[in-house]
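[1] A predicted structure for the sequence below; I have some questions about it.
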Amino acid sequence: MKILITGQNGFIGKALFDLLKQQGHQVRGTVRNENKIEEGLDIIAVGDISSTTDWSTALKDIETVIHLANRAHVLNDQVSDPLTIFREVNVAGTIHLAKQALESRVKRFIFISSIKVNGEKTDEHSFSVEDRPNPQDPYAISKLEAEDALREISTQSTMEIVIIRPPLVYGQGVKGNFKRLSRLVELGIPLPFASIKNKRSLISIENLVQLLSKAIIDPTVANQTLFVSDKEDFSTPQLIKKIAASIGKPARLFHFPPTLLKIMGKLTGQGNAIERLTGNLQIDGISHLGSDPKSTKSSKHNGKKTKI
């Protein structure tokens with residue numbers, strides 16, 4: 001199959017590109033800048049993603065698009081109007097690509113959204129396909145608006161839309177908050193999380209790209225929204241211990257009252273980061289696209305919601 005991956009040079013894009021090539025697919029990737037093009041690979045520079053990006057060359061002869069490129073969530077974003085910027089890239093840019101894909105007769109468009117569309121945390125109940133979206137920040141709002149626009153496009157065309165909402169993706173080469181936490185563990189810094197008894201759903205990069213490779217060809221996921229995660233959820237102390245074990249370091253944890261930890265986070269401007277380390281975020285999933293990840297799906301055609 002001829003597949004286009006936008007954001008090929010990103011954390012997920014690189015892993016997915018390599019896997020699909022190993023599986024025998026004809027894979028093309030896009031990057032923003034020409035200096036990111038790797039010699040010997042079918043990579044095209046498209047510039048910044050917006051409502052005017054020219055995707056025509058990249059889309060030539062493509063059957064399936066996997067849209068990874070986006071403006072990522074930025075902790076403590078300092079721009080004056082982040083929602084406008086997120087909308088230009090994540091909403092207008094996605095709509096523009098989807099319309100050009102439709103013109104190029106692409107058969108399936110797979111959009112990587114985020115579980116943040118559902119909210120920032122769970123309490124008694126895990127996020128499920130039955131829940132109403134509840135985005136809390138400009139990034140999540142832009143992802144939901146892009147989802148809604150793609151669903152509208154799907155009702156007016158034969159191009160299949162698949163939306164995937166992963167939680168935090170981890171693995172070798174990851175950046176962001178997970179990388180910062182891993183660095184603290186590597187440095188042997190004692191961390192005040194021994195008393196945290198939360199649960200968070202995650203997905204490994206290996207499981208996510210395997211699931212994406214199946215979503216390309218699985219007829220049952222056409223025009224569905226998929227919730228995906230690993231089988232097992234982890235507390236923050238469990239996660240730190242797994243990170244420590246993977247790099248051959250001891251997990252240095254000490255007890256500290258979670259309530260005081262949250263107060264200190266707010267006083268130091270790190271409230272959002274502390275909330276992610278102390279709060280719950282679980283995804284309801286009962287079966288699998290493959291052997292390891294769990295996933296649920298909801299149908300957008302007839303209003304019914306089913307699980308796989």
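    Looks like it came in fine.
[2] and residue 148, how far from residue 111?
    Going from residue 148 to residue 111 by CB to CB, to the nearest Å gives 11 Å. Placement of C-beta: from N, CA and C, glycine included.
[3] between these two, who's got more neighbours?
    It is residue 111, of residue 148 and residue 111, that has more neighbours when counted by other CB atoms under 10 Å, with 23 against 13.
[4] surely the more buried one forms part of a strand?
    Yes. Counting by DSSP: H, G, I helix; E, B strand; the rest coil, residue 111 is part of a strand.
[5] can you list contacts of stretch 252-268?
    By CB atoms under 8 Å, 6 or more residues apart in numbering, the list of residues contacting stretch 252-268 from outside reads 185, 188-196, 237, 240-241, 270-275, 278.
[6] tell me the secondary structure for residue 178?
    Per three-state DSSP, residue 178 ends up helix.
[7] distance of it from residue 241?
    Applying CB to CB, the value for residue 178 to residue 241 is 15 Å.
[8] before we move on, what about residue 8?
    Distance of residue 8 to residue 241, given as CB to CB: 33 Å.
[9] more crowded one of the two?
    Applying other CB under 10 Å to residue 8 and residue 241 shows that residue 8 carries more neighbours, namely 26 against 16.
[10] kindly provide the distance from the more buried one to residue 131.
    Going from residue 8 to residue 131 by CB to CB gives 32 Å.
[11] what does residue 150 give?
    Distance from residue 150 to residue 131, by CB to CB: 19 Å.
[12] looking at those two now, which is surrounded by more residues?
    Between residue 150 and residue 131, counted using other CB under 10 Å, the more crowded position is residue 150 (23 against 16).
[13] thought the more buried one was touching residue 97?
    No. When contacts are counted by CB atoms under 8 Å, residue 150 is not listed as touching residue 97 (10.0 Å).
[14] where does the stretch 201-308 of the chain have low pLDDT?
    For the stretch 201-308 of the chain, the stretches flagged by pLDDT under 70 are 285-308.
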